[in-house]
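task: produce atomic coordinates for the following.
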Amino acid sequence: MHAERPAKADATNVDIAGLLASFTNRTARIGIVGLGYVGVPLAIACAKAGFKVIGFDINAPRVDRINRGESVIKHIGADLMAEVVTSGQFEATADFERLGEPDAILICVPTPLTKHREPDLSYVVKTARAIAPRLRNGQLVVLESTTYPGTTDEVIRPILEADGLRSGVDFFLAFSPEREDPGNPDFGTSTIPKVVGGDGPAALALADALYSQLIVKTVPVSSTATAEAVKLTENIFRAVNIALVNELKVVYDAMGIDVWEVIDAAKTKPFGFMPFYPGPGLGGHCVPIDPFYLTWKAREFDIATRFIELAGQINTEMPYHVVNKLVEAVDRSGTAFSGSRILILGVAYKKNVDDLRESPSLKLIELMERRGARVDYFDPHIPVIPMTREHADLAGRRTIALDRKSLAAYDAVLIATDHDDVDYKLIVDTAKVVVDTRNACARAGISDDRVVKA
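Residues are numbered from 1 along each chain as shown. Purely as a prediction, here's the structure:
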């Protein structure tokens, strides 16, 4: 049920026209909570547009690195970080007492799943509770974290209103989902249209005015819940279609048909088909997680999301399918899988980034070691595996150096991430067995009987 809403006054207590003008003339100060893969690019976009930006993060060493102008995300170079920091447009802090300073606070914190695959809003709730005692008249608060419809209204608003200020009267509340695609050379924060939903017309107008200064195009919608649903729909669409091609991969493999060849031929049709590609499982912060946010919320309305849940099941099973294919390939080579040495190529969840959030590679390592293999990894973008909630035992492992001598020591190489800066010919020429989950070898023009697609 929706929280009971306090009655609004007839008129706002805030100079809306003045706040609106501060956004359009870019004199407002912007606060961004969460300096990760969403918050940092957003902070840079704000700074480049001329706003003064305060970034908030609980990670003090990360804050210090940002204030030194160092890159904390690989695809955002140190030159750009140094530019916005030394210009005075962007500063980072771990002092949340300063949350009263910005005119707009944009929340960009994680929204993961619990071990029971239910929404974990702990970061969002903690952030709202940090903002609430420092909230002042005339501030705009925007949640960007992906979540289920109703979160802004049912979770954030009651926390912010607990001390007596009212949304739409004393402060303004909106939801605008992030649409970051780390490492995408064609689209960045400022060039991806921004969906915006507000808690009332004033909040919508203010959020739209702010993002219009940063983004090529805004897409206003009727409510915060609608904006929340837009983001889930985008990623559920992707998750379902990836599940479809993952299932087709298994079916066609049994028939001796290469699913990659099928997709390449099918996408020549100029209408009615959109190519999606199989893989070893879903990765990244959004696509593997977002469908479960909607299925959880749907249960409140006694609705079973069977189609979405089936897609989630198929995608979750992919690492098991890949390891089974790897075990078969190693056994056929005359080596017992238990006790074998396996090199997994790539632990990032996608190519050419240093992001391993929800990476299927971590699950693959777990499954291989569970079956008795000794596993190393190579990833030019992730020299050390950081601490993760689901795979804490892998933290601290370091990438090997990839050369002919090191490759020869492994019984098989599993290509889990198709980074561009990898010598696939060296791998195929040297490795005893190659299991390729990304079609990387074929795309590199390499054909060899030792390459098994999975």
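
now stretch 104-113 - C-alpha only, CSV.
The C-alpha trace of stretch 104-113 is given here as CSV (Å, rounded to 0.1, in the frame of the first residue of the first chain):
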residue,chain,number,x,y,z
ALA,A,104,19.9,19.5,-5.9
ILE,A,105,20.9,16.1,-4.4
LEU,A,106,21.1,13.3,-6.9
ILE,A,107,21.2,9.8,-5.4
CYS,A,108,23.4,7.2,-7.3
VAL,A,109,23.8,4.4,-4.8
PRO,A,110,23.6,0.6,-5.5
THR,A,111,20.4,-1.3,-5.4
PRO,A,112,21.5,-5.0,-5.3
LEU,A,113,19.6,-8.1,-4.4
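
from here on, call the first residue 49.
All right, first residue 49 from here; so that's stretch 152-161.

quickly find the element holding the residue most central in space within the chain.
By CA atoms, centre = their mean, the chain has its centre lying nearest to His333, at 3.1 Å. Of the helices and strands defined by DSSP states H and E, none includes His333.

and for it, nearest residue in space, chain neighbours not counted?
Spatial nearest neighbour of His333, chain neighbours left out: Arg405 (4.6 Å); criterion: CB to CB, 6 or more residues apart in numbering. Every C-beta, even on glycine, is put in place using the N, C-alpha and C of the backbone.

can I assume that neighbour is in contact with Val335?
No. Counting by CB atoms under 8 Å, Arg405 does not reach Val335; the two are 10.6 Å apart.

how about stretch 301-312: buried residues?
301, 307-308, 311 (16 or more other CB atoms under 10 Å).

same question, stretch 160-167
Of all the residues in stretch 160-167, those buried under the rule 16+ other CB under 10 Å are 160-161, 167.

and that stretch, what's its mean pLDDT?
The average of the pLDDT scores along stretch 160-167 is 89.

ok, then the element right after the helix or strand Ile290 falls within?
Ile290 belongs to helix 272-302 when assigned by DSSP H and E. Downstream of helix 272-302, the next assigned helix or strand under DSSP H and E is helix 307-314.

list the helices and strands that next one packs on?
Here helix 307-314 touches helix 272-302, going by 3 or more CB pairs under 8 Å, 6 or more residues apart in numbering; DSSP states H and E.

avg pLDDT for the helix it packs on?
Mean pLDDT, helix 272-302: 97.

that helix vs helix 307-314, what angle?
Counting by axes from the mean of the first three to the mean of the last three CA atoms, to 10 degrees, helix 272-302 points 110 degrees away from the direction of helix 307-314.

report the buried residues of helix 272-302.
For helix 272-302, the neighbour count (16+ other CB under 10 Å) marks 272-273, 275-280, 282-284, 286-288, 290-291, 293-298, 300-301 as buried.

before we move on, back to that, redo the buried residues of stretch 301-312 as JSON lines? Include distance to Arg227.
Shown next, in JSON lines, are the buried residues of stretch 301-312 (distance: CB to CB, whole Å):
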{"residue": "Asp301", "distance to Arg227": "34"}
{"residue": "Val307", "distance to Arg227": "28"}
{"residue": "Trp308", "distance to Arg227": "28"}
{"residue": "Ile311", "distance to Arg227": "25"}
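
what ranges does the stretch 149-298 of the chain have for its strands?
152-155, 188-191, 220-223, 242-246, 266-269 (DSSP state E, counting those that start in this stretch).

now the angle from the helix holding Ile290 to strand 242-246?
140 degrees.

mind giving me the packing neighbours of helix 272-302?
Here helix 272-302 touches strand 220-223, strand 242-246, helix 307-314, helix 338-347, helix 354-380, going by 3+ CB pairs under 8 Å, 6+ apart.

what domains does the record give for the chain?
In terms of domains, the chain is parsed into 64-270, 285-501 (source: automatic domain parsing).

point out the most buried one among the ones you listed.
Neighbour counts (mean count of other CB atoms under 10 Å) averaged over each of these peak at domain 64-270, with a mean of 19.

strands of the stretch 399-502 of the chain, residue ranges please.
422-426, 460-463, 482-484, 499-501.

distance to Gly125 and mean pLDDT for the ones you listed - can I get that in JSON lines?
Formatted as JSON lines, the strands of the stretch 399-502 of the chain follow (distance: least, CB to CB, whole Å; pLDDT from 0 to 100):
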{"stretch": "strand 422-426", "distance to Gly125": "23", "mean pLDDT": "98"}
{"stretch": "strand 460-463", "distance to Gly125": "27", "mean pLDDT": "98"}
{"stretch": "strand 482-484", "distance to Gly125": "31", "mean pLDDT": "98"}
{"stretch": "strand 499-501", "distance to Gly125": "35", "mean pLDDT": "96"}
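
let's have those strands in a markdown table, adding distance to Val101.
Shown next, in a markdown table, are these (distance: least, CB to CB, whole Å):
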| stretch | distance to Val101 |
| --- | --- |
| strand 422-426 | 36 |
| strand 460-463 | 40 |
| strand 482-484 | 43 |
| strand 499-501 | 46 |
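
picking that back up, nearest to Leu213 among the buried residues of stretch 301-312?
Ile311 (52.9 Å; CB to CB).

which residues are in contact with that closest one?
Taking CB atoms under 8 Å, 6 or more residues apart in numbering, we find Ile311 in contact with 293, 323-325.

got it, and Glu406?
The contact partners of Glu406, taken as CB under 8 Å, 6+ apart, are 330-333, 336-337, 397.

most widely separated two among those residues?
Most distant of the contacts of Glu406, by CB to CB, are Ile337 and Tyr397, 11.8 Å apart.

can you pull out the low-pLDDT segments for the stretch 199-348 of the chain?
When residues are selected by pLDDT under 70, none of them lie in the stretch 199-348 of the chain.

of all the strands of the stretch 399-502 of the chain, which lies closest to Gln137?
Among these, the nearest to Gln137 by CB to CB is strand 422-426 (38.1 Å).

mind listing the helices for the stretch 49-198 of the chain?
Along the stretch 49-198 of the chain, counting by DSSP state H, counting those that start in this stretch, helices occupy 64-72, 87-96, 108-115, 126-134, 170-179.

nearest to Gly186, of these?
Smallest distance to Gly186 across the helices of the stretch 49-198 of the chain (CB to CB): 5.6 Å, for helix 64-72.

quick one: contacts of that closest one?
76, 151-152, 186, 188, 250, 253-254, 257-258, 260-261.

next one: the residue nearest to Arg146 when sequence neighbours are not counted from Pro431, what distance?
Take Arg146 and drop its neighbours on the chain: the residue closest to it by CB to CB, 6+ apart is Ile102, 6.3 Å away. Distance, Ile102 to Pro431, using CB to CB, to the nearest Å: 31 Å.
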